[in-house]
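**Q** pasting the structure only:
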């Protein structure tokens, strides 16, 4: 039996036009609408436009451009209304189901309806594709602009805070330098005077914290670097000597196995501050636990990079925290400033390196990686 497609299409096109209002009323009763956000008249208008496109596509030549224009219009309206795109897709597919249900009642045979149903499905598929794609583009662009604004605002706040803290710290640093100088004179004139070594160590710690604030206030505009080849195990030994009182007081077992030949090209003073800060954090972490307190420092070379790792068996850091642990002013300590790891990251990156953190099974490891032979 030969099927006359044109006659079938014409009949369905006429049938849909005659039942247009019934279709829209039935569809409108079932769609998801947010009355506080949605414009119901606009939704019905868009439904009417899509219905016309479907009707015309059946009896006339298909125009993908018209579908694309309507899809982009609706996507913009959905984004402006801040409505979930999933509800929009549901409403569209509901319209598809109702139209197919209606044409099944037209009296045409299944063979006559098949090509018409394919046209309808194709139009709805294209419409959903363009609408969802455009909606996603709009939302992503808005998120990008919002993140850019937040980032810029954050930088502005950091800049203002940096200027304030830099001024304050410089004022604080001058009398501190005088006190440290007089302590050295006292130690020279009265070498047996008790507690001078303790006072000197505490002042050095205070000086370190002040230096952290200076690095934060200046961000990446730090003092001119004096780069040199640094023997890492000697630098680590210096830091451990400085922290020896805290290590003994915390009854901490520190194991260092840095290859004697490993050298890094960078600013010695800045990198010393990095290792000092990481080891101070490790000491604070293991002191939160009652188990045997252990800190391990080791090195390895792989993939043309030198890795220096500092591990501790303190509390595990949650994955969500690891993701933001290097952000400024984020801290898990009650009295923490949240600038230590931020400063470490800036210094390491300034010296062409990378820093990362991995924490699981009560073992937290900070890894600093530098390219080999970087000069």
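**A** Done, it's in. Note that the structure is predicted; figures quoted are calculated from it, not measured.

**Q** what is the rounded mean pLDDT of stretch 285-298?
**A** Regarding stretch 285-298, the rounded mean pLDDT is 90.

**Q** domain parsing for this structure?
**A** Domain ranges of the chain: 5-146, 158-216, 226-371, per automatic domain parsing.

**Q** same list (those) but as CSV, adding mean neighbour count and distance to residue 152.
**A** C-beta: built from backbone N, CA, C; applies to glycine. Supplementary listing: the domains of the chain in CSV, determined by neighbours: other CB atoms under 10 Å; distance: least, CB to CB, whole Å:
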stretch, mean neighbour count, distance to residue 152
domain 5-146, 16, 11
domain 158-216, 13, 10
domain 226-371, 17, 15
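
**Q** all helices for this structure, in order.
**A** Along the chain, the segments classed as helices by DSSP state H run 5-18, 20-30, 40-59, 64-81, 85-103, 110-189, 196-218, 232-242, 244-249, 268-286, 319-324, 340-350.

**Q** for the second one, name the packing helices and strands.
**A** It refers to helix 20-30. Using 3 or more CB pairs under 8 Å, 6 or more residues apart in numbering; DSSP states H and E, the elements in contact with helix 20-30 are helix 40-59, helix 85-103.

**Q** do the last one as well
**A** Counting contacts by 3+ CB pairs under 8 Å, 6+ apart, helix 340-350 is packed against helix 196-218, helix 268-286, strand 354-360.

**Q** tell me which of the ones you listed lies nearest to residue 296.
**A** helix 268-286 (9.3 Å; CB to CB).

**Q** which elements pack onto that closest one?
**A** With contacts taken as 3+ CB pairs under 8 Å, 6+ apart, helix 268-286 sits against helix 196-218, strand 227-231, helix 232-242, helix 244-249, strand 293-302, strand 305-312, helix 340-350, strand 363-371.

**Q** looking at those, which has the lowest confidence?
**A** helix 196-218 (a mean of 70).

**Q** hang on, the earlier thing: how about the helices of the chain in TSV, adding distance to residue 310?
**A** Output for the helices of the chain, formatted as TSV (distance: least, CB to CB, whole Å):
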stretch	distance to residue 310
helix 5-18	72
helix 20-30	62
helix 40-59	59
helix 64-81	47
helix 85-103	46
helix 110-189	27
helix 196-218	17
helix 232-242	9
helix 244-249	13
helix 268-286	5
helix 319-324	15
helix 340-350	11
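
**Q** ok, which of those helices comes nearest residue 301?
**A** Of the helices of the chain, the one closest to residue 301 (CB to CB) turns out to be helix 232-242, at 11.5 Å.

**Q** got the contact list for that closest one?
**A** Here helix 232-242 makes contact (CB atoms under 8 Å, 6 or more residues apart in numbering) with 201, 204, 247, 254, 256, 258-260, 262-264, 268, 271-272, 275-276, 279, 297, 299, 308.

**Q** next, the angle strand 293-302 makes with that helix.
**A** 170 degrees (axes from the mean of the first three to the mean of the last three CA atoms, to 10 degrees).

**Q** and helix 232-242, how far out from the chain middle?
**A** Centroid separation for helix 232-242 versus its chain: 34 Å, with CA atoms, centre = their mean, to the nearest Å.

**Q** show the pLDDT at the nearest residue to residue 206 once chain neighbours are set aside.
**A** Residue nearest to residue 206 in three dimensions, not counting chain neighbours: residue 176, with 6.5 Å by CB to CB, 6 or more residues apart in numbering. Per-residue pLDDT puts residue 176 at 80.
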